[in-house]
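K.L.:
next input, structure requested:
(2 chains)
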Amino acid sequence: MSDKTAPVLAIQDLTVGYQTRNGIIEAVRDVSLEIRKGQTYGLVGESGSGKSTLALAVMRYLSANGEVRKGSITFNDRDLLDMSTNELRQVWGKEISLVPQDPFSSLNPSIKIGEQLAEALRQHTNLNAGEAATQSVDLLKDVRIADPENVADKYPHQISGGMQQRVMIAMALSTEPNLLVLDEPTTALDVTTEAAVLDLFRELVYERQTSALYVTHNLGVVAGISDRVAVLYASELVEDAPTKDLFAQPLHPYTRGLLDSVPRLGQRKDERPLQGIPGSIPGLQQLPTGCVYADRCPLAIDICFDERPPLDTPVEGRRVRCHRWPEILSGEIDARRADVEAIAVEDYSSQPLLDLDDVEVHYPVGQSLVDTVRREEPQVVKAVDGVDLTVGTRRTLGIVGESGSGKTSLARAIIGLVARTGGEIELLDMALPPELNTRGKDVLRHLQIVFQNPDEALNPYMTVGEILRRPFVNLLDESRQAADEKVAELLQAVRLPAEYTERRPPQLSGGEKQRVAIARAFAANPDLMLADEPVSALDVSVQASVLNLLNELQIENASTTLFISHDIGVVAYLSDEIAVMYLGNLMEVTDADQLFDVPYHPYTEALLSAVPAPDPSVKKERIRLEGDIPSAIDVPTGCPFHTRCPRFLGDVCVDEKPPWQTAPNGKRIYCHIPVEELMDIQKPVVKFEE
Amino acid sequence: MTSTTQVIDKKDATPGWGSRLLAVLRELYRSPASAAGTTVVLLFLFLAIFGPLIAPYDFNEQIYADVRQPPSTTHWFGTDHLGRDVFSRIVLGASSILSIAGGGTLVAVFLGTVIGLISGYRGGWIDEIIMRFFDSLLALPALLLALLLLGTLRSAFGENVSAIGRGLGVLIILIVVYTPIVARVVRSVVLSVKTKGFIEAAQTQGESQARILFREILPSVLPALAVEAALRFSYAIFLTASLGFLGIGVQPPNPDWGLMVFEGREKYSQVPWAMFFPAITISLLVVAVNLMADGVKRVFQSGDLDV
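P.N.:
Predicted structure coming up:
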């Protein structure tokens, strides 16, 4: 490798195994990598790829049944695997620090933030209590916490998730370690918070020249912050390259597949459909003898199934484990699948199918008898606070918002799982009553829902056949035999083998479960399909095929989709129209192809700026939001966004509800700033490099 | 021949009751503790069914020549002060205690399951009323509640009730005492299951309430229910024996284990074995059922069983 300085961390031929009831499982096999000073190394992989095990091995945190079976880990010329627990204690925290995925479970809930930081400091330095206290406030200042004294005096549960993660970073950096291990540190955070934490990470790490091993499944995050990326698949390192090269020309078919599974910003289903990767990660108990990726690889030839490919170095500084890299490098073959066709989008906008009029969902908060006696206003969580929306027949409307925006409550109010507290909903000119049990079967069969979590969506005690038969028998009053025939067709439509009728959900993978859930939802041929984060619980490589399946079934069934997600890339890819929600209110409604064009609602502007783009060549305007999303119990007066709005005007935003304005390109924006002015002051947030 | 093969084919597709029972037994015999417990329970079941064939004497047969004999080869557990063979009385008493405790447990489990399912699923004021009523029952110790109930039954039916009537009284007590406990366990599982996606999916597909309760939710309740049923059974044996000891269950000369302990206690200095063997039998059975309950819990935790 070009850099001649000694590596901070060198992993050589590392193999880590876990002892299980069915023998030893190798979660990491023959992995080598070197991290140099100041380098941020991205470690990308799906669940089961071994990325977390690798990070744990570096920290020497392997669980009791895990052991390093082969190889070495050298940290600053010392053998990490040889160290005793006492020696490790000197290294942990002081020289290697870990930033975990869930900050809340890593902070002690009964000790104040300031004390916890001071304690970490005193562990590794000779500071006295007073000095440590002052320095911990300084540390909080370093991680851009606005009022550090105040935060130092709080308990972990009193501050937000984003703030907790900043505290964890402050703690990790407090002893100026040489190496930082980050295990999915932003996965649990909202996009706008994630963007701010990543900014902070970038500044601090570059400033201090700290080396970092950044473990994540999110290609967008890796593209934004790392210098090099190593891709893991089924416990093996399949490709390792500088970030720019990897995204520009991936040499391993899996990397190619992974990149094509995520919509790039601005990618639309009708122009460039997602490729996806068929199948799923092989079980670690029965790894194939040949290449671990062969059975999913579009380029696999005989040798791939017979012989395990070596880790080659095609170009200085790049490594790839593939038999066919010379042909891929020269451009003779391409790992992109040719069989995925673009999806034609026809314009069906004429007829409105679903009409929401001032829909409200307010949940009562448990009220004390004392408050009732004192005649205090009962408190309510305003999950959805007056939404007007129309969805055209056969269109896809995407609703995007962060957690707490009310998008899920809105979907549940439409389907009736939550009784709305106000407003009207009309579907096909029928008024939908709020309560589910007052809706007859003739109403129910017109709308169906796909849930986020495939593990809970199917009854584990029923066979797939029975699950899929029910809607035919129950909603459409068909005979059992007719239903069984339709079940077979349905399984075919969602590309599952016919013998799956005999299986039960625990025997299926996450992607397969979601396919069954989608099949069940489409069984009665509904007019409206509500998809509530249908792919967020799935692995990246499986997401694309599920999205495409949803789309395909929608076209075949001539149904309309309400697609709900926190992921702007996915929403922009799939939707015809997009509604942006914040704190129970719509902020902006736009045609999907104009999402990235000015003008924006200031919230949309910040949201677009925050999205991690899985593409290092995309340049973005940097707009960051202050503070956290306010509580839905205390929705700010006037414009709900005014407390965090970077384009805050003044009293008018606090006192008056904004008007709905229509921009020349048809966007509807809920803001006090006149659209003409917005168009003047705003620049396109995302610049695509053509 | 062809029809037989077809049956076998079908068995392969979905496990039949026979193979499920076999799977349960296999799991129960995996650890020494639950293996021992299961063996003892099965042994007592055997005694309960075939008791009359095994017992060398009748339960009321007074052998005047052998009054107050210590354990010997002719009278394994000795004889009591009236010359009755203790071993025979214990063997013949198995069927009454097992059928009363078992029957009471079965009915309590059935009622508790139905009430727990409805209460947990419907929620709201129905749940509130049922659960507060059960709380008030549970506030009293089981034995005290049993005495109260017996008093009530006695004033309703009078003193002269047949042996069967008295058995029924104990059965009713067991049902009243254990239904609330089973209902609570079932309800708590229902509460965690009913918010899951598959229940919501069933609701949005207009499934009937009965189907949601018994086809969608019930299977998830079964593991906890099986363990609870086994535990309740052991407590039911205990409570039945206690009532016999207090003389309010079965009347003499019936061979009730609790009653035998009570009678033996009075003549303890002369015939200690007449008290010792029934007492040890009660504790042996209760411990065995408890050990088996632990095994049942493991069967469901292992997840090998396809319910």
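K.L.:
just for the chain, where's the confidence low?
P.N.:
In the absence of a named chain, chain A is used. Within chain A, the segments meeting pLDDT under 70 span A:1-4, A:337-350, A:689-690.
K.L.:
was after chain B, sorry
P.N.:
Within chain B, the segments meeting pLDDT under 70 span B:1-16, B:159, B:161, B:163, B:249-250, B:302-307.
K.L.:
what ranges do the helices span in it?
P.N.:
With DSSP state H, the ranges of helices along chain B come out as B:2-13, B:17-28, B:32-54, B:86-122, B:124-138, B:142-157, B:163-193, B:197-204, B:209-211, B:218-245, B:257-266, B:272-302.
K.L.:
what is the third one packed up against?
P.N.:
Looking back up the chat, that one is helix B:32-54. When contacts are defined as 3 or more C-beta pairs under 8 Å, 6 or more residues apart in numbering or on different chains; DSSP states H and E, helix B:32-54 sits against helix B:17-28, helix B:86-122, helix B:272-302. C-betas here are computed from N, CA, C, even on glycine.
K.L.:
okay, the ones you listed in JSON lines with distance to residue A:106 and mean neighbour count next?
P.N.:
Listed next are these as JSON lines, based on distance: least, C-beta to C-beta, whole Å; neighbours: other C-beta atoms under 10 Å in any protein chain shown:
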{"stretch": "helix B:17-28", "distance to residue A:106": "38", "mean neighbour count": "14"}
{"stretch": "helix B:86-122", "distance to residue A:106": "35", "mean neighbour count": "22"}
{"stretch": "helix B:272-302", "distance to residue A:106": "29", "mean neighbour count": "19"}
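K.L.:
report the contact partners of the most centrally placed residue in chain A.
P.N.:
Centroid-nearest residue in chain A: residue A:536, 6.0 Å away (criterion: C-alpha atoms, centre = their mean). Residue A:536 makes contact with A:452, A:565, A:566, A:567 under the criterion C-beta atoms under 8 Å, 6 or more residues apart in numbering or on different chains.
K.L.:
can you give me the neighbour number for the first one?
P.N.:
I take that to be residue A:452. 19 (other C-beta atoms under 10 Å in any protein chain shown).
K.L.:
for it, helix, strand, or coil?
P.N.:
With DSSP: H, G, I helix; E, B strand; the rest coil as the basis, residue A:452 sits in coil.
K.L.:
out of the helices and strands packed on helix B:32-54, which gets nearest to residue A:394?
P.N.:
Counting by C-beta to C-beta, residue A:394 lies closest to helix B:86-122 out of the helices and strands packed on helix B:32-54; the figure is 36.9 Å.
K.L.:
before we move on, back to that, for PyMOL, what selects the buried ones among the contacts of residue A:536?
P.N.:
This is how PyMOL selects the buried members of the contacts of residue A:536, with burial counted by 16 or more other C-beta atoms under 10 Å in any protein chain shown:
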select buried, chain A and resi 452+565+566+567
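K.L.:
contacts with chain B among the contacts of residue A:536, please.
P.N.:
The subset of those within reach of chain B, by C-beta under 8 Å from any C-beta of the partner chain, is empty.
K.L.:
dump the contacts of residue A:536 to TSV, plus secondary structure.
P.N.:
Shown next, in TSV, are the contacts of residue A:536 (three-state DSSP):
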residue	secondary structure
A:452	coil
A:565	strand
A:566	coil
A:567	coil
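K.L.:
before we move on, which element is residue A:232 in?
P.N.:
Using DSSP states H and E, residue A:232 sits in strand A:228-233.
K.L.:
and the residue in the stretch 501-650 of chain A positioned nearest to chain B, how many neighbours?
P.N.:
Residue nearest to chain B within the stretch 501-650 of chain A (C-beta to the nearest C-beta): residue A:502, separated by 6.1 Å. As a burial measure, residue A:502 scores 13 neighbours (other C-beta under 10 Å).
K.L.:
cool, residue A:660 as well?
P.N.:
Neighbours around residue A:660, by other C-beta under 10 Å: 13.
K.L.:
circling back: can I get the helices and strands packed on helix B:32-54 in a markdown table with distance to chain A?
P.N.:
Shown next, in a markdown table, are the helices and strands packed on helix B:32-54 (distance: least, C-beta to the nearest C-beta, whole Å):
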| stretch | distance to chain A |
| --- | --- |
| helix B:17-28 | 13 |
| helix B:86-122 | 11 |
| helix B:272-302 | 10 |
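K.L.:
now those helices as JSON lines including distance to residue A:296?
P.N.:
JSON lines is the format used below for the helices and strands packed on helix B:32-54 (distance: least, C-beta to C-beta, whole Å):
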{"stretch": "helix B:17-28", "distance to residue A:296": "35"}
{"stretch": "helix B:86-122", "distance to residue A:296": "43"}
{"stretch": "helix B:272-302", "distance to residue A:296": "32"}
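K.L.:
what pairs with residue A:398 across the strands?
P.N.:
residue A:563, residue A:578 (DSSP bridges).
K.L.:
okay, now it: neighbour count?
P.N.:
27.
K.L.:
quick one: contacts for the residue nearest to the spatial centre of chain B?
P.N.:
Centroid check for chain B by C-alpha atoms, centre = their mean gives residue B:233 as the closest residue, at 2.7 Å. If you count contacts by C-beta under 8 Å, 6+ apart, residue B:233 has them with B:101, B:102, B:105, B:289, B:293.
K.L.:
you'd agree the last one is up against residue B:235?
P.N.:
No - the pair residue B:293 and residue B:235 fails to qualify as a contact (C-beta atoms under 8 Å) at a distance of 10.3 Å.
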